[in-house]
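Q: following is a predicted model, sequence given first.
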Amino acid sequence: MNTFIKYFFFYFLLAISSSSLADDLIAKEKKIKSAIVLNFIRYTEWPSNAFPSKTSEIHLCLYTNRAMEEAFSKLARGKLKDRNIKIRLLYRLNDLNECHVLYADRFTRKQALRAFSTIRTKPILTITEQATQDNMAGIINLLNKKGKLRFEIFINKAETAGLKISSRLLELSINNKNNDD
Amino acid sequence: METLGPTKFVTKSVRSTAHLFATLFLVLQFNALSAEDLSETDINEFSLEALMDIEVTSVSKKSQKLQDTAAAVFVITNEDIRRSGVTSIPEALRMAPGMNVNKIDSNKWAITSRGFNGRYANKLLVMIDGRSVYDTNFSGTYWENQDVLLEDIDRIEVIRGPGGTLWGANAVNGVINIITKHASETQGGYIEAGAGTEEKGFVGARYGSKLDDDAFARVYFKAFERDDSVQKSGEDNMDDWSMLRGGFRVDNQYDDKNSLTVQGDIYNGELSTHANTIYNTAPFERIIVDTGDTSGWNVLSRWTHNLESASEFTLQVYYDKFKRAEQLIHIDRDTLDIDFQHRFFIGQTHDVLWGASYRFTNDKIKNTNLLSYSDNSPSENLYGLFAQDEITLLQDRLWLTVGTKFQHSNLTTFGLQPSARVLWIPHQKHRLWASVSHAENTPSHTERYLNTFGALVPSPGPLPTVLSVSGQADFQPGKMRAWEIGYRVIPSSTVTIDTAIFYNSYSELTSLEPGQPTLKPTYVEVPSTFTNLAKANVWGAEIASSWQVKKDIQIDLTYSYLKKEFESLTGNSLVVDDIEPKHRASIRTAIDLTGKVQLNFWLRYTSAQKTDPKSLLIVEPPSNYLTLDTRLGWSPTKNISIELVGQNLLESQHHEYRTRNYILPSEIERSFYGQIGWKF
């Protein structure tokens, strides 16, 4: 048992000494991802009735982990399109009506289908990550292609939701044939 | 040749591993420092094009889907299974904290969580893609029959403790949920083949194809032959086995409201048991090699329909055919199971789930010269109803889940099985949960109808003493009340720690009650009957921690503690299944040496296992043991993988389980195997 305990502490010390470095690498990915998502908001137009007034907040709902939420909180401090951003970390998916943006990177197949069948026609910009099937993807689906972040846009889903996606985003998406890797 | 004892071996491997880690550490530190240092302002000012041009590293992480559950849940992912080098589902379960996995011989396992382990452990519900695979004859699981192509497993959810109201019959000490991948995720071909010292040869193949835009299918097949375990002397234990299986799965998403899954499996195996059998004629004890056949098939269909306002219902129907023919038991079973679940919301605070189920089983049991049954074709109609409401008490902070299950069968009278659970998220890094629940396990046909000669017991006189065992037709379910508290913390984005403590109080437990000895012409018979005259209290703690040390090193630690007190109401009761260690610990390390080479270590410790002095049926419990498994994986190209695996490396053989008279004691050997996999 003694050797087992030694082994245990060997791992423990190793983990302590180096976990902060791994933290940095992961944090970097999350920062970039959240900056890209905020850009999606910048280049999306909501119907005027989606907000109570011209200056009311954009509700950014996150179905993700705590670290990703932290990355969003740090970046979304200023105004975007004359509106403040209010971030809400969701633990359950039964209350999506107040969201203008839903970023979900931890959807199960069932959760994705259930959520989209409810909010499909509502003006909510849905953003998913690495969805393997079209019906599990949001209006925008983030992908990691050879270590770089790429995204696809489902323009028909945006139309059903009543959202306008700017041509600048469409040009950069991988749906645009010129951007095929 | 001198073999290294466990201590020497560990010291040696620690030294060499330390060298390896030291080198790795320097390399990785250099990589991390040379990575571009980005401040937050920089990112805000970057254009979208510039952001898309920055290289990011995706780090593999544990599924977080279940971290907001008010229960003790552990998830074994496909990646965990692949990198552990295990070749079967029972061996994979060793990764979960609180699981007690003992290999009995080459083809049998004793598995349960939180106590009462044995070959016929009867308090665990096991499901493969929603199909319950526990055996109604003994309310346990024939683990040797439960298999799929491991490559196609999405995850195994291990829920310790009563599964709450959601799960079906028999979820008393835990629920094992084996979930295979959606057919869209297994597209293309895959072939694997390998061989080794215990794995005499295995082959598996799968092909997945797209039927149309929203419909996907796959077929698979798998075959293996495994070697005998050994006796203490090193001789073969004559318990080798082989299994052949195949199956299919079709997933069709008709529209965004309706999806249908149809799947099925068929299998056939031959397995041997080196057994010690008891008779009421001389010689009372005979050693036999019992070679048996096991086979079966099943087909399952599941329809999910999304309704308005996020509600949905699921209807699942399956049929399962099972046959087992050996000298001990000869059984042929048909099972039909129908499950309906409906989930809906009331306002924004009530998330309601209710369901109804019906299960029909019919067994045809042939009496053998070892076991006879007073009812040879027991049929059971089991009806179930459940409802639960998850109430949001404080938005995004506090939830209360209350529910109850009701079961009724033509053979058994069940009580209500209520549960209450609370989940509190005081801070995004911390989750606290607590629960209290009542559960009942399903009486088995064995407890109702069996007649056998169970054991030769030490005899005071010149004549041998035989313990005969009989069932009771009106045998009642065992009852359990469980209190649990859990705490999950995420100290940094690379570390998760999950702890649970529990106290289980059992009443009306299964025990064997010996009667008055009667003198027969050539022996003394002690008749014993299955009764519900025992109580027990079990408490313990479980810890699981996952550590992403670097982007290419992950460490998983688990530790479990268990303590049990058994009480016989008559003072004479014998425990039926009872073997557990107090301490279990495991460290798994997954290292990516390069993008193409992976190295894994898995060290496990199990303390000495103690049996209750009243447990007449178990002889000589195993002492403590330490084992090490390693795996070296190499992918020369994206589609080819080559693996070398060493299992139980620290000792040439060790024993994990001593069982009742029927199965002779056997030991598990050190083993090696190699495997090649090809995706196309």
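A: Nice, I can see it.
Q: hey, where'd the helices end up in chain A?
A: Ranges of helices in chain A, per DSSP state H, are A:2-42, A:66-75, A:109-119, A:155-161, A:167-172.
Q: and those, which one's lowest on average pLDDT?
A: Out of the helices of chain A, helix A:2-42 stands lowest, with a mean of 68 (criterion: mean pLDDT).
Q: so, low pLDDT: which residues of chain B?
A: The model of chain B has pLDDT under 70 over residues B:1-46, B:55-67, B:163-168, B:309-310, B:575-578, B:611-620, B:659-661.
Q: hmm, the strand or helix carrying residue B:635 touching chain A?
A: Residue B:635 belongs to strand B:625-637 when assigned by DSSP states H and E. Yes. Using CB under 8 Å from any CB of the partner chain, strand B:625-637 reaches chain A at residue B:626. All C-beta spots, glycine's among them, are computed from the backbone N, C-alpha and C.
Q: so for the helix or strand just after that strand, what gets flagged as buried?
A: Later in the chain than strand B:625-637, the nearest helix or strand by DSSP H and E is strand B:640-647. Buried residues in strand B:640-647, counted by 16 or more other CB atoms under 10 Å in any protein chain shown: B:641, B:643-647.
Q: what separation is there between residue A:132 and chain B?
A: Distance, residue A:132 to chain B, using CB to the nearest CB, to the nearest Å: 6 Å.
Q: how about the residues of the stretch 201-350 of chain B near chain A?
A: So far as CB under 8 Å from any CB goes, the stretch 201-350 of chain B lies against chain A at B:214, B:253, B:256-257, B:259, B:304, B:306, B:308-310, B:312, B:345, B:348.
Q: would you check which pair of those residues lies furthest apart?
A: B:214 and B:348 (31.6 Å; CB to CB).
Q: ok, those two, which is more surrounded?
A: residue B:214 (17 against 13; other CB atoms under 10 Å in any protein chain shown).
Q: which residue packs closest to the more buried one, ignoring adjacent ones?
A: residue B:253 (4.2 Å; CB to CB, 6 or more residues apart in numbering or on different chains).
Q: that neighbour pairs with what?
A: As for beta bridges, residue B:253 partners with residue B:259 under DSSP bridges.
Q: any idea how far residue B:184 is from it?
A: To residue B:184, residue B:253 is 9 Å away according to CB to CB, to the nearest Å.
Q: out of those two, which sits in the more crowded spot?
A: Just comparing residue B:253 and residue B:184: by other CB under 10 Å the higher neighbour count belongs to residue B:253, 23 against 19.
Q: list the contacts of that one.
A: By CB atoms under 8 Å, 6 or more residues apart in numbering or on different chains, the contact list for residue B:253 reads A:113, A:133, A:135, B:214-215, B:259.
Q: just residue B:534 next, same as before
A: Contacts of residue B:534 (CB under 8 Å, 6+ apart): B:506, B:509-511, B:566-569, B:573, B:575.
Q: show me what it is bridged to.
A: Applying DSSP bridges, one finds that residue B:534 bridges with residue B:509, residue B:568.
Q: around chain A, which positions in the stretch 451-600 of chain B sit nearby?
A: For the stretch 451-600 of chain B, the residues in contact with chain A (CB under 8 Å from any CB) are B:490, B:492-495, B:547-551, B:553, B:555, B:557, B:585, B:587, B:589.
Q: quick one, what contacts residue B:410?
A: Neighbour list for residue B:410: B:379-381 [criterion: CB under 8 Å, 6+ apart].
Q: from those residues, which ones fall inside strands?
A: Within the contacts of residue B:410, residues falling in strands by DSSP state E are B:379-381.
Q: which among the contacts of residue B:534 end up buried?
A: B:506, B:509-511, B:566, B:568-569, B:573, B:575.
Q: relative to chain A, which of the residues you listed is nearest.
A: residue B:566 (26.4 Å; CB to the nearest CB).
Q: how about the nearest residue to that closest one, chain neighbours excluded?
A: Nearest residue to residue B:566, sequence neighbours excluded (CB to CB, 6+ apart): residue B:536, at 4.7 Å.
Q: check which residues of the helix or strand hosting that neighbour are buried.
A: Assigned by DSSP H and E, residue B:536 belongs to strand B:524-550. Within strand B:524-550, the residues that qualify as buried by neighbour count (16+ other CB under 10 Å) are B:524-526, B:528-536, B:538-550.
Q: how far away from the center of its chain is that strand?
A: Chain-centre distance of strand B:524-550: 14 Å, with CA atoms, centre = their mean, to the nearest Å.
Q: cool, and stretch A:71-86?
A: 14 Å.
Q: how long is it end to end?
A: 14 Å (CA to CA, to the nearest Å).
Q: can you tell me the centre-most residue of chain A?
A: In chain A, the residue lying closest to the centroid (CA atoms, centre = their mean) is residue A:103, at 3.5 Å.
Q: list the residues that contact both of residue B:253 and residue B:184?
A: Common neighbours of residue B:253 and residue B:184 (criterion: CB under 8 Å, 6+ apart): residue A:133.
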